[in-house]
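S.K.: Have a look; sequence and predicted model below, questions after that.
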Amino acid sequence: MSPYARIVGVGGHLPQRVMENDEWQQYIDTSDEWIRSRSGIQRRHIAAEGELASDLALPAAQQALANAQLAAGALDMIIVATTTPDRIYPATACLLQAKLGAAGCAAFDVQAVCSGFMYALSIGEAMIVAGRAKKILVVGAEVYSHILDWTDRGTCVLFGDGAGAAVLTASATPGILATRLHADGNYADKLTVNAHVKGGELLGDGHTRMDGATVYRFAVEKMTEAAKAVAGDNEIDWLVLHQANRRIIDTVRKRLQVPEEKTVFSVRDHGNTSAASIPLALAERAADFKGGDRLLLAAVGGGFTWGATYLQW
Ligand code: UT7
């Protein structure tokens with residue numbers, strides 16, 4: 001009997017094309033100074049023409065599996081968190097499964113926008129603790145650039161594309177210690193792509209629309225609350241928050257009394273990669289985490305959805 005689920009390998013992948021802040025001046029009235037000072041973002045990666053979520057997920061997943069020393073064929077389950085799936089169906093997880101050569105295991109997507117990885121990780125943990133699976137690949141993958149209005153300066157400069165992955169396995173020693181997930185659908189219009197497909201046509205507005213100030217206030221309040229709920233008064237060795245905005249991360253960090261050098265800030269180079277942001281941040285800093293370190297992960301996203309996980313590395 002293995003009572004815990006533990007992350008045993010992580011991986012990340014970013015598309016090749018880097019877009020610096022200055023490049024936005026070709027499309028909108030903005031400046032590097034505005035973007036940096038309001039969000040802490042300096043650059044983001046943008047997928048190539050035809051490059052979809054499963055294409056970004058594949059190298060991230062392969063890296064996580066290699067770090068976990070696990071063959072893709074040994075997986076019991078693949079969960080992909082994405083807001084920008086390759087297709088309406090099949091799930092991006094099924095497409096990724098085929099690319100990995102892992103046919104047979106369960107595979108499905110989770111949609112909780114920027115909190116998607118937190119939701120997917122929690123489902124994976126619950127499956128392992130319930131004895132339904134032993135080895136699970138949890139992925140966050142986004143081509144968020146596909147759902148941006150490149151003329152809406154209040155949103156387009158903030159987001160980027162990428163993928164991150166984690167391998168979760170059953171473990172006799174503690175890994176994931178506590179998780180909380182929440183949602184409040186009353187805020188649906190505050191951060192949304194309000195469109196659907198009917199009769200072969202997109203009906204509605206296929207771009208991200210956001211009430212930035214409301215998201216900002218909600219993110220600070222709810223990530224802090226969820227973080228305190230999972231960690232209590234216990235030590236936080238590393239704070240890995242959803243990478244949406246440096247000012248949001250800094251405010252939450254101060255409220256939780258976590259020093260800057262123990263807080264991950266990948267937002268500078270990635271922008272907001274939605275469901276990919278936390279696993280990408282984990283992959284980027286994995287070499288700095290020591291066995292036994294306590295990590296606090298928290299995210300907020302469209303829905304609104306939010307959640308936090310306290311885990312032992
Ligand atoms: O995963 C969750 C996703 N979303 C977020 O986390 C976003 C949360 N919200 C935020 O990060 C911030 O609210 C923003 C970065 C979006 C905005 O920062 P702010 O300091 O709240 O700026 P603001 O909305 O008060 O806008 C100030 C001004 C406005 O001009 P006026 O109306 O005062 O003349 C905007 O039109 O800045 C203008 N502005 C811009 N200027 C240059 C908005 N976007 C830009 C831009 N470049 N890209």
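M.R.: Arrived safely, thanks for sending.

S.K.: from here on, contacts and neighbour counts on C-alpha atoms
M.R.: Fine.

S.K.: tell me the contacts of residue 121?
M.R.: By C-alpha atoms under 8 Å, 6 or more residues apart in numbering, residue 121 lies in contact with residue 138.

S.K.: a helix runs through it, doesn't it?
M.R.: Yes: assessed with DSSP: H, G, I helix; E, B strand; the rest coil, residue 121 lies in a helix.

S.K.: any idea how far it lies from residue 32?
M.R.: As defined by C-alpha to C-alpha, to the nearest Å, residue 121 lies at a distance of 35 Å from residue 32.

S.K.: Over to residue 185?
M.R.: Here residue 185 is placed at a distance of 34 Å from residue 32 (C-alpha to C-alpha).

S.K.: More neighbours: those two, which one.
M.R.: For residue 185 versus residue 32, neighbours defined as other C-alpha atoms under 10 Å are more numerous around residue 32 (17 against 11).

S.K.: From what I see, that one and residue 38 are in contact.
M.R.: No: assessed by C-alpha atoms under 8 Å, residue 32 is found out of contact with residue 38, at 10.1 Å.

S.K.: anything in contact with each of the two?
M.R.: Between them, residue 32 and residue 38 share no contacting residue, judged by C-alpha under 8 Å, 6+ apart.

S.K.: Can you tell me the SS state at the closest residue to the ligand within the stretch 51-200 of the chain?
M.R.: Taking C-alpha to the nearest ligand atom as the measure, the point where the stretch 51-200 of the chain comes nearest the ligand is residue 154, at 3.7 Å. Three-state assignment for residue 154 (three-state DSSP): coil.

S.K.: who touches it in this structure?
M.R.: Applying C-alpha under 8 Å, 6+ apart to residue 154 gives the contacts 210, 212.

S.K.: what's the answer for the one 10 residues further on, then?
M.R.: Residue 164 makes contacts with 10-13, 57, 60-61, 139-141, 276-280, 283, as judged by C-alpha under 8 Å, 6+ apart.

S.K.: of the residues you listed, closest to residue 200?
M.R.: For the contacts of residue 164, the residue nearest residue 200 by C-alpha to C-alpha is residue 141; the value is 25.1 Å.

S.K.: Give the next helix or strand downstream of whichever strand or helix holds the closest one.
M.R.: Taking DSSP states H and E as the criterion, residue 141 maps to strand 135-142. Remark: after strand 135-142, the chain's next helix or strand is strand 162-171, criterion DSSP H and E.

S.K.: List the strands paired with that following strand, with their directions.
M.R.: Strand 162-171 pairs in its sheet with strand 4-13 (antiparallel), strand 135-142 (antiparallel), by DSSP bridges.
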